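Participant: I would like the atomic coordinates for the input below:
(one chain, ligands or ions: 1)
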Amino acid sequence: MDGVQTGVKICGLTEEAGLEACVEYGADWIGFVFFERSPRYISALQAKALASRITGSIRKVGLFVRPDDTVLERVLDQVDLDILQLYTTPERAVQIQAKFGRPVWSSIPVASQADLPRLCTVERLLIEPKPPVHATRPGGNAQQLNWDLLHGWQPGYSWMLAGGLNPENVSQAVAITGAPAVDVSSGVESAPGIKSPDAIARFIHNARSPAVS
Ligand SMILES: O=C(O)c1ccccc1N[C@@H]1O[C@H](COP(=O)(O)O)[C@@H](O)[C@H]1O
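Facilitator: Numbers count the residues shown, from 1 in each chain. All right, here's what the predicted structure looks like:
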């Protein structure tokens, strides 16, 4: 590690207690999920109300699955998102980044080292496990990547590790992969869609206290 603090994104906020914990314990980013089949789905109006309670420098990420322009326009009309996290093709991600003037983070499903991209054409890549075959959503499945695939990987662009992280395993995940930033949803919940303030506090602390690998 180079001494730079690990970035932390807490994804899938739907209620005030979770949001306040993110602010209090120093998350870098919070995520709102605009995908209706997720237990963390939030409407644009609900996200707007929650976002109005944010204090400090925490940044708002909107998560979209194969969105068309109309969906993006409708949400951005209500909530001033700082970043768009996308599950779509690389070409569409670049197009959205240019059209909507916001940094885009693209999800990359990984099952082997051959899936790790050599180039990044958006602001950041989210390295996640490929979802289970019968999954109803492309992420947020509490499924863990084989971290050994990333050991020693230095892509030369910004990236973030996601998938199956929790307060108990995040320090080891950072130590093995060298991830500069981590993203969690299921692992800090007390029930689907409901965040646990205590788990958020422990996750953020442990993400920034990497184990010796
Ligand atoms: O959280 C969701 O419901 C979700 C839905 C559709 C796409 C992505 C989703 N979540 C993202 O998935 C990863 C890992 O989640 P988990 O910690 O394993 O539950 C994370 O990037 C979330 O942003």
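
Participant: Under a three-state scheme, what state does the residue nearest the centre of the chain occupy?
Facilitator: Computing the C-alpha centroid of the chain and ranking residues by CA atoms, centre = their mean puts residue 183 first, at 4.2 Å. Remark: residue 183 carries the secondary structure label strand [criterion: DSSP: H, G, I helix; E, B strand; the rest coil].

Participant: Spit out the contact partners of the closest residue to it other than its chain neighbours.
Facilitator: What sits nearest to residue 183 in space, not counting adjacent residues and going by CB to CB, 6 or more residues apart in numbering, is residue 162, at 3.9 Å. Heads up, the C-betas are built off the backbone N, CA and C, glycines and all. Residues near residue 162 by CB atoms under 8 Å, 6 or more residues apart in numbering: 11, 107, 126-128, 139, 182-184.

Participant: re the thing from before, from what I can see the residue nearest to the centre of the chain touches residue 11, true?
Facilitator: Yes. Under the criterion of CB atoms under 8 Å, residue 183 lies in contact with residue 11, with a separation of 5.8 Å.

Participant: so what sits against both of those two?
Facilitator: Shared between the contact lists of residue 183 and residue 11 (criterion: CB under 8 Å, 6+ apart) are residues 31, 162.

Participant: Make sure residue 50 is indeed in a helix.
Facilitator: Yes. Per three-state DSSP, residue 50 lies within a helix segment.

Participant: my guess is it meets residue 20, correct?
Facilitator: No. Residue 50 is not in contact with residue 20 according to CB under 8 Å; the separation is 10.0 Å.

Participant: ok, these two, which is more surrounded?
Facilitator: Between residue 50 and residue 20, counted using other CB atoms under 10 Å, the more crowded position is residue 50 (20 against 16).

Participant: Residue 186 contacts residue 140, correct?
Facilitator: Yes. Residue 186 lies in contact with residue 140 (CB under 8 Å); the separation is 6.2 Å.
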